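# Kindly generate the corresponding structure for this input.
(2 chains)
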Amino acid sequence: MGVLSKKDSKLISDPLLDNNPITIQVLGICSALAITAQLKPSIVMAISVMFVMGAGNVVISLMRNIIPSKIRIIAQLIVVAALVIIVDQVLKAYAYSLSKELSVFIGLIITNCIIMGRFEAFALANGPWRSFLDGIGNAMGYGLILVIVGFFRELLGSGTLFGFKVMGDPVEKTGLFALGYENNGFMVLPPMALIVVGLIIWIQRSRNKALIED
Amino acid sequence: MEHIELFFKSIFVDNMVFAYFLGMCSYLAVSKKVSTAVGLGAAVIFVLAITVPLNWLLDQYLLQEGALTWLGPEYADYDLSFLSFIMFIATIATMVQLVEIIVEKFSPSLYNSLGIFLPLIAVNCAILGGSLFMQSREIGTLGLAFNYGISSGIGWFLAILAIAAIREKIRYSAVPAPLRGLGITFIITGLMAIGFMSFGGMLTGGDEEAPAKEKTAEIEVIKEDVKQDEANIKTVLSVADNTNK
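The predicted model follows:
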């Protein structure tokens, strides 16, 4: 990347794979899994988290010398809560049905451990520009897993992507369904999200042996 | 009847961990040993039992549309519900801090067992999730809100206790190296969630049952849950064995 120095671009690329917030740091799983039954809410969630993390990291980084360390958790929570209220109101105004579908999980971005974790680990010790890149990078790593899980669960569970019937029509028996293919209704149920993430971790760790736990 | 139904529904059917994945971060991080898991689980029950009714009061008398009517009829049109995130999280954070100070002062032994977990809890999604679900499901009375807080806390407690017990056992099984630790924990949780889905039919026949049976029913349910966990352990172990072969 031309605009960014090598050190800065590492801030973005690192969390995508080798230091992924979900599969390696084990943060932010709470809100990640419940909304991945379809691709569209997963992407909306990823974008919301990216906005909150980018903006939140900058705000905390700017205030890092003013916040007394004893009450920093409450201060951080208030900043995140304010940003999440913005996201929630925007979604309610422009995508009401989607915001109903995400229900409480938009609110739960507040307690998403990635956000608090990055505030504590990065924004409190670094300048605004680097904190912004770190926030965006981590949110992208988070979004990547969300999109992968959402892609497979929607494709295998309902045979659609973004609501388009890519596998054919199950009622009129077109496409793959003409060959006797059936949707795996199990993929739509919540437990499969956990198992899909477990499999992603399996694949990632067999490719990169350094990540294996003892 | 309403209380009992809500109680069992929040523990088993709408289990915080298995149905909504709330509080997964601490669930995964603190479930390596049964003793610490019990400490954190107890702290979660405690904090949920305090914050859910408190936030219910805030919601009823401050945030809902028309909640401010007690100030005077001219306030009836105000709807402050967009402020609920910030109010709820502020209440939770201050309550956790307050509880920590009080417990430290009056019961040092309880503080030693719960104390280290209390700061973790302020950012536990299960706590905020409890309050948000309480709001979105429009729970009717203060008593029901209290009941909901306690019972969803118990559900979370059961989940972390079960996973901690399984993780202590699974150390002796030959899990494939890349799955060890986090990966297998995810898959076990998925299998347990599938097991918990079978509780979904538990409340459908509620009208015919005599209310006198409630206590034994509770014990049976707990027994069933233990059996469920054992069955889960067995499936997991056999899965591990099979993959090993």
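
# Please report phi then psi for residue 174.
Let's take chain A. Per-residue torsions, residue A:174: phi -110, psi 170 (degrees, to the nearest 10).

# Can you look at chain B instead?
Main-chain torsions, residue B:174, degrees, to the nearest 10: phi -90, psi 90.

# Kindly state the pLDDT recorded for it?
On the pLDDT scale, residue B:174 is placed at 85.

# ok, now residue B:151?
Looking at residue B:151, its pLDDT is 93.

# right, and the secondary structure at it would be what?
At residue B:151, secondary structure determined by DSSP: H, G, I helix; E, B strand; the rest coil is helix.

# Run a quick neighbour tally on it.
The number of residues packed near residue B:151 is 23, by other Cβ atoms under 10 Å in any protein chain shown. For every residue, glycine as well, the C-beta is placed using N, CA and C.

# nearest residue to residue B:126 other than its sequence neighbours?
Nearest residue to residue B:126, sequence neighbours excluded (Cβ to Cβ, 6 or more residues apart in numbering or on different chains): residue B:23, at 3.2 Å.

# show me the residues around the one you found that make contact.
Residue B:23 makes contact with A:30, B:16, B:17, B:44, B:124, B:125, B:126, B:127, B:129, B:156, according to Cβ atoms under 8 Å, 6 or more residues apart in numbering or on different chains.

# now swap in residue B:75 and tell me
Counting by Cβ under 8 Å, 6+ apart, residue B:75 touches B:68, B:69.

# What is the neighbour count of the closest residue to residue A:145 other than its chain neighbours?
Excluding the flanking residues, the one nearest residue A:145 by Cβ to Cβ, 6+ apart is residue A:22, at 4.5 Å. Residue A:22 is flanked by 25 other residues according to other Cβ under 10 Å.

# is it true that residue A:22 touches residue A:33?
No: with contacts counted by Cβ atoms under 8 Å, residue A:22 stays clear of residue A:33, the gap being 9.4 Å.

# Quickly list what's touching both of these two.
Shared contacts of residue A:22 and residue A:33, defined by Cβ under 8 Å, 6+ apart, comprise residue A:197.

# by contact count, what packs against the helix-or-strand element of chain A with minimal mean pLDDT?
The least trusted helix or strand in chain A, going by mean pLDDT, DSSP states H and E, turns out to be helix A:30-34, with a mean of 73. Helices and strands touching helix A:30-34, by 3 or more Cβ pairs under 8 Å, 6 or more residues apart in numbering or on different chains; DSSP states H and E, are helix A:128-158, helix A:191-207, helix B:24-29, helix B:125-136.

# CSV please, covering those and showing mean neighbour count.
As requested, the helices and strands packed on helix A:30-34 are exported to CSV (neighbours: other Cβ atoms under 10 Å in any protein chain shown):
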stretch, mean neighbour count
helix A:128-158, 22
helix A:191-207, 21
helix B:24-29, 23
helix B:125-136, 26
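
# now the ones you listed in TSV, with mean pLDDT?
Below are these laid out as TSV (pLDDT from 0 to 100):
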stretch	mean pLDDT
helix A:128-158	88
helix A:191-207	87
helix B:24-29	82
helix B:125-136	87
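
# So which of those helices is nearest residue B:40?
Closest approach to residue B:40 among those (Cβ to Cβ): helix B:24-29, 6.3 Å.

# now the nearest residue to residue B:165 once chain neighbours are set aside: how far from residue B:47?
Leaving aside its sequence neighbours, residue B:165 sits nearest to residue B:34 (Cβ to Cβ, 6+ apart; 5.7 Å). Going from residue B:34 to residue B:47 by Cβ to Cβ, to the nearest Å gives 21 Å.

# In terms of neighbours, single out the busier of these two.
Using other Cβ under 10 Å as the criterion, residue B:34 and residue B:47 rank with residue B:47 on top: 25 against 16.

# Make sure the more buried one is indeed in a helix.
Yes: looking at residue B:47 with three-state DSSP, it is inside a helix.

# Find the nearest non-adjacent residue to it, please.
Nearest non-adjacent residue to residue B:47, counting by Cβ to Cβ, 6+ apart: residue B:121, 5.2 Å away.

# element containing that neighbour, please.
helix B:118-122 (DSSP states H and E).

# pLDDT on that helix, on average?
Averaged over helix B:118-122, pLDDT sits at 72.

# where along chain A do the helices fall?
A:6-13, A:30-34, A:39-62, A:72-94, A:96-102, A:104-107, A:113-118, A:128-158, A:191-207 (DSSP state H).

# I meant to write chain B there.
B:2-8, B:16-20, B:24-29, B:34-58, B:84-106, B:108-114, B:118-122, B:125-136, B:142-170, B:182-197, B:214-244.

# between these, which gets nearest to residue A:96?
helix B:125-136 (14.9 Å).

# can you give me the angle the closest one makes with helix B:84-106?
Helix B:125-136 runs at 130 degrees relative to helix B:84-106, counting by axes from the mean of the first three to the mean of the last three Cα atoms, to 10 degrees.
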